[in-house]
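A.B. asks: Quick one, what's the 3D model for this:
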Amino acid sequence: MAATPQNPAAETPRRKVSRHRGEGQWAAGHFTPLNGNEQFKKDDDGLNVRTRIETIYSKRGFDSIDPNDLRGRMRWWGLYTQRKPGIDGGKTAILEPEELDDKYFMLRVRIDGGALTTEQLRVIGEISQEFARGTADLTDRQNVQYHWIRIEDVPEIWNRLEAVGLSTTEACGDTPRTILGSPVAGIAEDEIIDGSPAVEEIHRRFIGNKEFSNLPRKFKTAISGSPLLDVAHEINDVAFVGVEHPEHGPGFDLWVGGGLSTNPKIGVRLGAWVPLDEVPDVWAGVIGIFRDYGYRRLRNRARLKFLVADWGPEKFRQVLQDEYLERTLVDGPAPAAPVERWRDHVGVHRQRDGRFYVGFAPRVGRVDGATLTKIAELAEAHGSGRVRTTVEQKMIVLDVEEAQVASLVEALDALDLTARPSAFRRGTMACTGIEYCKLAIVETKQRGSALIDELERRLPDFDEPLTININGCPNACARIQVADIGLKGQLVLDERGEQVEGFQVHLGGALGLEAGFGRKVRGLKVTSEELPDYVERVLRRFQDEREDGERFAAWATRAGEESLS
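C.D. replies: Numbering: from 1, shown residues only. Have a look, this model is predicted:
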């Protein structure tokens, strides 16, 4: 019989076994917080911070704010500290949060479905002028963002917004964010179905409700019955897309798991058709899955897209049906391909009631309070009491009589808010950038505006639909991966070997039924100063090499690297 070794471990080294703590999923019984964010949410719901803002912080000032409220719970009410002026992009990832924080806030006004009355728009403009140094940027999620907000003024701002039916509730934070909706819901001639009743009902039932105020991370929703697919449904956590069912009529195709940032994913169809009156319940089921099964251990894996990628659409639909809806969803068709290449509603369009809507293009979403007030006045003077924001940083005036259209278009031109923009003005968007954002590395808004001017001068006859999306960091607030030309801000070396602001280039991204992410050409980076030269060069090559009817994204996908550099 063989002798037993005196020290088996010496002959066979024992592998160290680490104890996996799970992904922090509540449905698996993992309620112990595994990071600081989960801890402060467990300690106190983010919605509760409003009382402290109103009774303590607004009276005692910025220095009285608890750090977990300042950089955590205050987001539940649309408040982020903004970047301290004078800090260059090279220090963004080096400095501590308290070193980056200014004693002023960005405040986001929640505008679900982009729907505003002119009274509401006037109040937004007045608040901007009185409390925000005139700032009021349009975002690509249909919101308005203020800067330079003092904590002392927040309760009065809330009072004024809420007096006209607006709020900042859950405009930020680990919450259900602003619900995107077609800006022409209920009025467009070609609409499949009006999704605005579902947007309104979800807002009424669930926004500000503690049932969904502690999610693993943010949750983004899009609902549109437009055949233009006008709400970027492919990159939302949940989306309801208008379709015509051959047996049941108009309803919505259900998508889940989209999102961008540093791990972009296109949403997936569940193959389910949802009638209008069931959209709120199905929405609650999807967000319930995210709340209960979402990954809470690591913040960079805490979006719904990671759970959907791991489960797949079949399992996700089964769990939704079995555990949350307790019924089977109806199978349904995919949306049809959009016939229009622009999805932003810019220009003059007939409504189903015979009147017109007029969409116009501010420069990269940059407006101000005085301009918003003038837009409200113009809309009312031309027979409209309704305006809309879009997911492309644009605005629309609704309900304009035919006799008033030309006058309104001329008045918008006079404010540099053209309804007849160049392809470059129409297709360029930019995030907040280093001017105010603590995550940013480069400047974006001024760069985007200057790029528009240069391209209009250099390529005055270019009229192809083209998107140029400029982002100040890798987080993709300006959707760089799905743009024709996506520009991700970073520090690069110039020809003298000095570190300067610049961009990594993504080419050929797209949304729509051919949605996909742009390609990165190896080593292709441009300085901010070189940007107009680079974009002009690539667009001239596109014009020279394209096949008949070929879109930029298709050309960029097949072109050789020498054509793209």
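A.B. asks: Quick check: which ranges of this structure have low pLDDT?
C.D. replies: By pLDDT under 70, the low-scoring segments of the chain are 1-21, 513.
A.B. asks: In terms of helix, strand or coil, where does residue 420 fall?
C.D. replies: coil (DSSP: H, G, I helix; E, B strand; the rest coil).
A.B. asks: neighbours of it, just the number please.
C.D. replies: If you count neighbours by other C-beta atoms under 10 Å, residue 420 ends up with 14. To be clear about C-beta, it is placed using only N, CA and C from the backbone, and glycine gets the same treatment.
A.B. asks: ok, now residue 463?
C.D. replies: By other C-beta under 10 Å, the burial measure for residue 463, its neighbour count, is 9.
A.B. asks: Could you confirm it falls within a strand?
C.D. replies: No. Assigned with three-state DSSP, residue 463 falls outside any strand and is coil.
A.B. asks: residues in contact with it?
C.D. replies: 422-423 (C-beta atoms under 8 Å, 6 or more residues apart in numbering).
A.B. asks: So it versus residue 380, what's the distance?
C.D. replies: 33 Å (C-beta to C-beta, to the nearest Å).
A.B. asks: for residue 291, same thing?
C.D. replies: Counting by C-beta to C-beta, the gap from residue 291 to residue 380 is 42 Å.
A.B. asks: quick one, phi/psi of residue 521?
C.D. replies: Main-chain dihedrals, residue 521, degrees, to the nearest 10: phi -80, psi 130.
A.B. asks: what's near enough to touch it?
C.D. replies: By C-beta under 8 Å, 6+ apart, the neighbours of residue 521 are 505, 507, 561, 564-565.
A.B. asks: So residue 388 sits against residue 117, correct?
C.D. replies: No. In this structure, residue 388 is not within contact of residue 117 by C-beta atoms under 8 Å, at 10.6 Å.
A.B. asks: Look at residue 291 and residue 380 and report which has more neighbours.
C.D. replies: Per other C-beta under 10 Å, whichever of residue 291 and residue 380 has more neighbours is residue 291, with 22 against 17.
A.B. asks: Just list the residues touching residue 429, thanks.
C.D. replies: 140, 364-365, 392-393, 448, 467-470, 478-479.
A.B. asks: Who does it form a beta bridge with?
C.D. replies: residue 469 (DSSP bridges).
A.B. asks: Looking at residue 388 and residue 117 now, which is surrounded by more residues?
C.D. replies: Neighbour comparison, residue 388 and residue 117: the larger count goes to residue 388, with 24 against 18 (by other C-beta under 10 Å).
A.B. asks: Report whether the more buried one is found in a strand, as I expect.
C.D. replies: Yes. Checked against three-state DSSP, residue 388 lies within a strand.
A.B. asks: Could you give the bridge partners of it?
C.D. replies: residue 115, residue 396.
A.B. asks: Can you tell me the closest non-neighbouring residue to residue 201?
C.D. replies: Leaving aside its sequence neighbours, residue 201 sits nearest to residue 280 (C-beta to C-beta, 6 or more residues apart in numbering; 4.7 Å).
A.B. asks: That neighbour against residue 199, yeah?
C.D. replies: No. The pair residue 280 / residue 199 is not scored as a contact, 9.4 Å apart, by C-beta under 8 Å.
A.B. asks: Please identify which of the two sits among more neighbours.
C.D. replies: residue 199 (28 against 19).
A.B. asks: quick one, what contacts that one?
C.D. replies: 112-113, 179, 181, 185, 223.
A.B. asks: That one is in what secondary structure piece?
C.D. replies: Using DSSP states H and E, residue 199 maps to helix 196-206.
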